[in-house]
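Chemist: Pasting the sequence and the predicted model now:
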Amino acid sequence: MQFALVGTGRMGQAVDAVAAERGHAIVARFDAEAPLLDARDASALNGAEAVIDFSIPEVALDQIHRYAFWGVDAVVGTTGWTDHLDQVVEWVAEGQNGLLWAPNFSLGLALVSRALAGLLPLLDRLDEYDAAVHEVHHTGKLDSPSGTALRLAEELLAGLGRKTHIEAETQHGAIDPAALHVTSQRLGRVLGEHTVALDSEVDQIQIVHTAKSRRAFALGAVRAAEWVAGRQGVFTLEDMLQGEGTEG
């Protein structure tokens, strides 16, 4: 397949390498020196069947609008735009393209989400267990908490009736029992570690995902681009896992 790459930093380079290993070609590249938004029309994509976007939040929404306007399928790993998800759904419907987005393209983390979905109905009935989310990233990480930690917290919040809101700030006193605490740590060069902790008086369960290299995210993004090409609608990585091998 032929892909366009938006964002040629460390993640973009990892995507480039994984795409080549899987027999694909990157036929167009965009970055700060060659912005996608400067392109006059879809011909700048050089016939790419899908775009893989790991750029920056400041331009993400405008670029997503451009993909829909051009009718080109896209995989978006850039965060900071999901408050406008309803608008994006409308754009994609008008453009009749496919868009698959995720705050984290690790296939392992997507499996964690699927495991939580199966666990939560039972956990909701076991109110002796409290829940929390903790994440660790390198010191250059721009957002805190990470988008992935918030996504995990939202999944817990949706499945636990006793939790009503996310609390991401440091607590200097007793925390509201209805709050789901999400904590962050910035340390060295850690690529990403996310922990869902379930604690009771008698035991504690931890579900931990640790990213070993950027290749984990790049592999998920390339597989997502393979999957979304030719589909119409807005999808997540969980949709891909559930629909793996189905026709678009």
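Modeler: Okay, I see it. Just so it is clear, the model here is predicted, and its values are computed rather than measured.

Chemist: Break the protein down into its structural domains.
Modeler: 2-105+214-243, 107-210 (automatic domain parsing).

Chemist: Going along the chain, name the strands of the chain.
Modeler: Along the chain, counting by DSSP state E, strands occupy 2-6, 25-30, 50-53, 73-76, 98-101, 130-137, 165-167, 179-186, 193-199, 204-210, 233-236.

Chemist: Going by neighbour count, which residues of the second one are buried?
Modeler: Think strand 25-30. 26, 28-30 (16 or more other CB atoms under 10 Å). All C-beta spots, glycine's among them, are computed from the backbone N, C-alpha and C.

Chemist: Closest one to A221 out of those, please.
Modeler: I26 (12.2 Å; CB to CB).

Chemist: Touching, the closest one and V6? I think so.
Modeler: No - look at I26 against V6 with CB atoms under 8 Å: they stay out of range, at 10.7 Å.

Chemist: what residues are shared contacts of those two?
Modeler: Common contacts of I26 and V6 (CB atoms under 8 Å, 6 or more residues apart in numbering): none found.

Chemist: so who does A218 touch?
Modeler: 11, 14-15, 17-18, 105.

Chemist: Model confidence score at it, please.
Modeler: pLDDT, A218: 96.

Chemist: picking that back up, which pair in the contacts of A218 has the greatest spatial separation?
Modeler: Across those (CB to CB), the longest gap, 14.5 Å, separates A17 and F105.

Chemist: Quick check on the two: which one has the bigger neighbour count.
Modeler: F105 (28 against 15; other CB atoms under 10 Å).

Chemist: Now the more buried one, what are its backbone angles?
Modeler: When read as degrees, to the nearest 10, the backbone of F105 gives phi -100, psi 10.

Chemist: how much space is there between the nearest residue to L241 once chain neighbours are set aside and L219?
Modeler: Leaving aside its sequence neighbours, L241 sits nearest to A110 (CB to CB, 6 or more residues apart in numbering; 5.5 Å). Going from A110 to L219 by CB to CB, to the nearest Å gives 12 Å.

Chemist: can you check Q63 too?
Modeler: 22 Å.

Chemist: So between the two, which is more surrounded?
Modeler: Using other CB under 10 Å, the more surrounded residue of Q63 and L219 is Q63, with 23 against 20.

Chemist: circling back to that earlier point, mind putting the buried residues of strand 25-30 in CSV, distance to G98 included?
Modeler: Below are those laid out as CSV (distance: CB to CB, whole Å):
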residue, distance to G98
I26, 19
A28, 18
R29, 21
F30, 19
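
Chemist: Which one of those is nearest to D41?
Modeler: Using CB to CB, the buried residues of strand 25-30 come closest to D41 at A28, 12.5 Å.

Chemist: ok, for that closest one, nearest residue in space, not its chain neighbours?
Modeler: Using CB to CB, 6+ apart, the nearest residue to A28 is A4, at 4.0 Å.

Chemist: Who does that neighbour form a beta bridge with?
Modeler: Note on A4: beta-bridge partners A28, V51, judged by DSSP bridges.

Chemist: before we move on, the earlier item: closest to Y67 out of the strands of the chain?
Modeler: strand 73-76 (4.2 Å).
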